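Engineer: below: sequence and its predicted model.
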Amino acid sequence: MEDMKWTKDLATGVEILDKQHKHYLSVCEKAYKSAKAGSVDLVNALKATYEAAAEHFVTEEAMMEKFRYPDMEGHKKLHARFLEMEQMIAKEAASGMDSKKLAVKIKEELFDWFVLHIKKNDLKLVKNLDMKKIK
């Protein structure tokens, strides 16, 4: 298995974002392992990934609004599409899709997407925040 963990290069320097990123990647790894093992708990594991992502996006979007982030609408659209992808994978799991195929989807469409989003979009967002005003 490829290592599916938060790494220091994903640090944004914003404690709440980093904590939420770590949590999402952790629950995503659990979902991946559940799929690889063909576990009946996969649906619950995917529910946890959805909830972690949704909570994180609410936090980020509140920061974007507070600091009038110039690319807020584009960033929010990425979040909405990601949550749709989460829901689609959860439906596929609930309908009995092959667990090995689901493991690949979780790795590539959830974990890898989220890591790329941190590196490409969230680090850009953080550069636009007034760090003194973040609590």
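Structural biologist: On my side now, so go ahead. Since this is a predicted model, take the numbers as computed values, not measurements.

Engineer: ok, A11 - how many residues close by?
Structural biologist: 16 (other C-beta atoms under 10 Å). All C-beta spots, glycine's among them, are computed from the backbone N, C-alpha and C.

Engineer: tell me which residues touch it, please.
Structural biologist: D18 (C-beta atoms under 8 Å, 6 or more residues apart in numbering).

Engineer: so how far is H21 from it?
Structural biologist: Relative to H21, A11 is positioned 9 Å away (C-beta to C-beta, to the nearest Å).

Engineer: overlap in contacts of those two?
Structural biologist: By C-beta under 8 Å, 6+ apart, A11 and H21 have no common neighbours.

Engineer: ramachandran angles for A11?
Structural biologist: phi -70, psi 130 (degrees, to the nearest 10).

Engineer: roughly how far does it sit from R81?
Structural biologist: Distance from A11 to R81, by C-beta to C-beta: 25 Å.

Engineer: the helices in this structure, which residues?
Structural biologist: 15-37, 42-66, 72-94, 99-105, 112-117, 123-127 (DSSP state H).

Engineer: deepest of those helices, which one?
Structural biologist: helix 15-37 (a mean of 19; mean count of other C-beta atoms under 10 Å).

Engineer: hmm, who's touching that one?
Structural biologist: Contacts for helix 15-37 (C-beta under 8 Å, 6+ apart): 1, 4-6, 10-12, 39, 41-42, 45-46, 48-49, 52-53, 55-56, 59-60, 93, 99-100, 102-103, 106-107, 110-111, 114-115, 118, 122, 126, 134.

Engineer: try 6 Å this time
Structural biologist: 4, 6, 11-12, 41-42, 45-46, 48-49, 52-53, 56, 99, 102-103, 106-107, 110-111, 118 (C-beta atoms under 6 Å, 6 or more residues apart in numbering).

Engineer: pLDDT below threshold where in this protein?
Structural biologist: By pLDDT under 70, the low-scoring segments of the chain are 1-3, 130-135.

Engineer: same thing but at 80, please
Structural biologist: 1-3, 129-135 (pLDDT under 80).

Engineer: cool, thanks, talk later.
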